[in-house]
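> Predicted structure and sequence below. I'll ask about it afterward.
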Amino acid sequence: MSFDTLGLSADILRAVADQGYSEPTPVQSKSIPIILEGNDILAGAQTGTGKTAGFTLPLLQILSSRGQNNGHRPVRALILTPTRELAAQVEESVACYGKYLPLKSTVIFGGVKINPQIATLRRGVDILVATPGRLLDHVQQKTLDLSHVEILVLDEADRMLDMGFIHDIRKVLALLPKSRQNLLFSATFSNEIKRLADGLLNSPVMIEVARRNTATELVEQVVHFVDKKRKRELLSFLIGSQNWQQVLVFTRTKHGANRLVQQLEQDGLTAAAIHGNKSQGARTRALANFKQGAIRILVATDIAARGLDIDQLPHVVNYELPNVPEDYVHRIGRTGRAGNEGEAVSLVCIDEHKLLHDIERLIKRDIPKIDIEGYDPDPSIKAEPIQNGRNNNTRQGRANRPNHGNRAKQGTTAKRSSSGNNRPSNAAKARNNEGTKRSDANSSRSTTSSSSPRRSHNAQGRERASLLGGGNR
């Protein structure tokens, strides 16, 4: 099948050809015709399989075929994403595929000044890509009218739920016309996503290109067992001995990312970190330098890296396993994209054996374990609870502290709570001072079981607020 058979206009096909694409991916070939027919859609596919073009191309086709007002351009299509980086990349795709069409698009997110965004919106745009927080900031300031939206897209919907955006999403839905087309795309296809779809979509067509929560077969996965204190040493050895030139490394915390970058640079390796404490400009520069080969290693947290699209990225390293198994699928999905092969390496210490078991249970496969000579774990070392409140329910000293950012156990819906503490978080105080009651990703979550892994702690909650802009989203 070629793009020519999908019912797209000549101008869109020309833009697609400019990017060197001739054949659609499975999710594109299935979703594009259904969207062009005007149906709501619930689409689940592995990350890196072309979901963005799967909704961007038909969206452009529909809007261009309906014409536009001669006067002011109202927002006719709204695309919501969970993070700034993903929003920027989606809008880049919209502009790229729509460059031969008389449509205007823009992106709005926090962390940057709002006035230039206001000026752009006043000039009129057809397609708006946004993060929920900054979108509601504009609504509150009456600089944005959503009453003409014809198509709503929720991209990476699973991550929006994971980051606590369900309340913001409901607020946005209340501002939209009841008669519209809804497109829900998600990298993973959980029961929570289906419940969201039940209340949002109108007789949707369901597309599931691959079994839910699976990693693409194009990614070769491997585990190396190693003592925690020797992880950095092994990482430097692998990068140097195998001559890896482009490596995306995941840590649990922004502080851990900074520390690892310093250690790698001491080993003579060029590296940079990307996380919520970095300004938008610093993150953009780090990503650009990584893509251009100016630095060899990009160290990232899960939140910061969501949606990163790096062409032909060959290596992903889990320096620390994620506490939430689904995040593993998203992490390794940064490689093996668009039909390219990739490698995902996990450095696992004895503390993380349960996390590895949970990941293998989720993806329904055993990940090959390969010993590296000279780095065999010390059998005398005993497992310890993951630090910083993660997967550590035995520390009574934390019992009376605010329990921000807890993640609900897999298979259940994360619920807002005060975690048994009535003190508001710092981010909540800041939002109250700004006169807004909007919930964001820094709200606390409760666990459904005392044995469920804790998603994050106070510092990571603040990282969510920084990445998504907090009150300055």
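Perfect, thanks for sending it.
> just for the stretch 1-150 of the chain, where's the confidence low?
45-48, 68-71 (pLDDT under 70).
> all helices for it, in order.
Applying DSSP state H, counting those that start in this stretch to the stretch 1-150 of the chain gives helices spanning 10-18, 26-36, 51-65, 84-97, 115-123, 132-140.
> which residues touch the fifth one?
Under the contact criterion Cβ atoms under 8 Å, 6 or more residues apart in numbering, helix 115-123 has outside partners 73, 104, 106, 108, 128, 134, 138, 141, 143-144. Quick note: C-beta positions are derived from backbone N, CA and C, even for glycine.
> Which residues belonging to that helix are considered buried?
117, 120-121 (16 or more other Cβ atoms under 10 Å).
> Mind putting the helices of the stretch 1-150 of the chain into CSV with distance to residue 352?
Formatted as CSV, the helices of the stretch 1-150 of the chain follow (distance: least, Cβ to Cβ, whole Å):
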stretch, distance to residue 352
helix 10-18, 42
helix 26-36, 32
helix 51-65, 30
helix 84-97, 27
helix 115-123, 42
helix 132-140, 32
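> most packed of these?
helix 51-65 (a mean of 24; mean count of other Cβ atoms under 10 Å).
> Does residue 87 touch residue 132 like I think?
No: counting by Cβ atoms under 8 Å, residue 87 stays clear of residue 132, with 10.2 Å between them.
> Surely residue 231 and residue 317 touch.
No: assessed by Cβ under 8 Å, residue 231 is found out of contact with residue 317, at 9.7 Å.
> between these two, what contacts are shared?
Taking Cβ under 8 Å, 6+ apart as the criterion, residue 231 and residue 317 both touch residue 347.
> any idea how far residue 5 lies from residue 20?
Residue 5 sits 18 Å away from residue 20, going by Cβ to Cβ, to the nearest Å.
> Let me know the outermost residue of this protein.
Distance from the centre of the chain peaks at residue 380, with 38.4 Å (Cα atoms, centre = their mean).
> any idea how far residue 101 is from it?
66 Å.
> try residue 61
Here residue 61 is placed at a distance of 9 Å from residue 101 (Cβ to Cβ).
> thinking again about what came up before, who's more crowded, residue 231 and residue 317?
A count of neighbours by other Cβ atoms under 10 Å puts residue 317 above the other of residue 231 and residue 317, at 26 against 20.
> Where does the more buried one fall, secondary structure wise?
Here residue 317, judged by DSSP states H and E, is contained in strand 315-318.
> Okay, now the sheet partners of that strand, with direction.
Here strand 315-318 has these sheet partners by DSSP bridges: strand 247-250 (parallel), strand 342-348 (parallel).
> Show me what secondary structure element comes after the first one.
Following strand 247-250 in sequence order, the next helix or strand is helix 254-266 (DSSP H and E).
> outside of that next one, which residues touch it?
Outside of helix 254-266, the residues within contact range by Cβ under 8 Å, 6+ apart are 232, 235-236, 249, 251, 271-277, 297, 299-301, 304, 319-320, 459-460, 463.
> out of the contacts of helix 115-123, what pair is the most spread apart?
Between any two of the contacts of helix 115-123, the greatest separation by Cβ to Cβ is 20.8 Å, found for 104 and 141.
> Among these two, which residue is more densely surrounded?
Using other Cβ under 10 Å, the more surrounded residue of residue 104 and residue 141 is residue 104, with 17 against 10.
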